[in-house]
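# predicted model and sequence follow; I will ask about them next.
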Amino acid sequence: MCEPSKVVLMATCALVLLGRVCQAIETDLFKHAKTTVNITNDLPGGVALTIHCKSKDDDLGVQVIAPNLSWSFEFRPNAVFRNTLYFCSFAWPNQFHHFDIYDEDRDLDSCGKLCMWSVAPDGPCPWDDYYKRYDDCYPWNANAALRKRPLRGTLT
Ligand SMILES: *[C@@H]1O[C@H](CO)[C@@H](O)[C@H](O)[C@H]1NC(C)=O
Ligand SMILES: *[C@@H]1O[C@H](CO)[C@@H](O)[C@H](O)[C@H]1NC(C)=O
């Protein structure tokens, strides 16, 4: 038998879920509009940037970005759970880093449908549409072993 508190809890869950489902249907069957992530190699010294981006079910392969050039990819963020995550490795001579290049929770409202990043030695810098420049750079992800999120396979 269900206790009253459980009934309240279940009703609350059902309402929350229903809200999300309605939102999803509104925004075209569980997905938001197409989003583009554009990554520019702004490393000094004319070095190539080798990146490898993945999501839970999408491997975008190894990409080599020549100095001052860009690469981009497209996808449709999840409208129900807001949990779309693309993470990349970034390598250039003597350096190897990781960064969550698209975190739906962080980026859905901040960069919208075009998320632009400039990769600098200390970390990636998002495009600031107000000041029309790349600023407020993020640090690279901390060592994967120290992170609370489970490891999602190896990036090379
Ligand atoms: C890249 O851009 C920087 C700054 O504008 C410039 O100094 C450099 O020569 C460029 N490098 C290449 C390889 O085009
Ligand atoms: C990425 O953005 C830069 C700067 O706006 C642009 O020049 C470039 O064409 C874009 N690259 C790709 C692959 O979309």
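Sure thing, it's come through. Ligands and ions are numbered 1, 2, ... in the order given.
# from here on, just use CA atoms for contacts and neighbour counts.
OK.
# which residues of the protein lie near ligand 2?
Counting by Cα under 6 Å from any ligand atom, the chain comes close to ligand 2 at 38, 70-72.
# filter those down to just the buried residues.
Taking 16 or more other Cα atoms under 10 Å as the criterion, what is buried in the residues of the chain next to ligand 2 is 38, 70.
# make TSV from the residues of the chain next to ligand 2 and add distance to Met10 and pLDDT to it.
Below are the residues of the chain next to ligand 2 laid out as TSV (distance: Cα to Cα, whole Å; pLDDT from 0 to 100):
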residue	distance to Met10	pLDDT
Asn38	42	98
Ser70	48	98
Trp71	46	98
Ser72	42	98
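# now the residues of the chain next to ligand 2 as TSV including distance to ligand 1 and secondary structure?
Formatted as TSV, those follow (distance: Cα to the nearest ligand atom, whole Å; DSSP: H, G, I helix; E, B strand; the rest coil):
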residue	distance to ligand 1	secondary structure
Asn38	17	strand
Ser70	12	strand
Trp71	15	strand
Ser72	18	strand
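# can you dump the C-alpha coordinates of the longest helix along the chain into PDB?
Ranked by number of residues, the top helix in the chain under DSSP state H is helix 4-26. The C-alpha trace of helix 4-26 is given here as PDB (Å, rounded to 0.1, in the frame of the first residue of the first chain):
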ATOM      1  CA  PRO A   4       0.100   9.400   1.700                       C
ATOM      2  CA  SER A   5       3.500  11.000   1.500                       C
ATOM      3  CA  LYS A   6       4.400   8.700  -1.300                       C
ATOM      4  CA  VAL A   7       1.200   9.600  -3.200                       C
ATOM      5  CA  VAL A   8       2.100  13.300  -2.900                       C
ATOM      6  CA  LEU A   9       5.600  12.600  -4.100                       C
ATOM      7  CA  MET A  10       4.400  10.500  -7.000                       C
ATOM      8  CA  ALA A  11       1.900  13.200  -8.000                       C
ATOM      9  CA  THR A  12       4.600  15.800  -7.900                       C
ATOM     10  CA  CYS A  13       6.900  13.700 -10.000                       C
ATOM     11  CA  ALA A  14       4.100  13.100 -12.500                       C
ATOM     12  CA  LEU A  15       3.500  16.900 -12.800                       C
ATOM     13  CA  VAL A  16       7.100  17.700 -13.200                       C
ATOM     14  CA  LEU A  17       7.500  15.000 -15.900                       C
ATOM     15  CA  LEU A  18       4.400  16.200 -17.700                       C
ATOM     16  CA  GLY A  19       5.700  19.800 -17.800                       C
ATOM     17  CA  ARG A  20       9.000  18.500 -19.300                       C
ATOM     18  CA  VAL A  21       7.200  16.400 -21.800                       C
ATOM     19  CA  CYS A  22       5.000  19.300 -22.900                       C
ATOM     20  CA  GLN A  23       8.000  21.500 -23.200                       C
ATOM     21  CA  ALA A  24       9.700  18.900 -25.300                       C
ATOM     22  CA  ILE A  25       6.700  18.500 -27.700                       C
ATOM     23  CA  GLU A  26       6.600  22.300 -28.000                       C
END
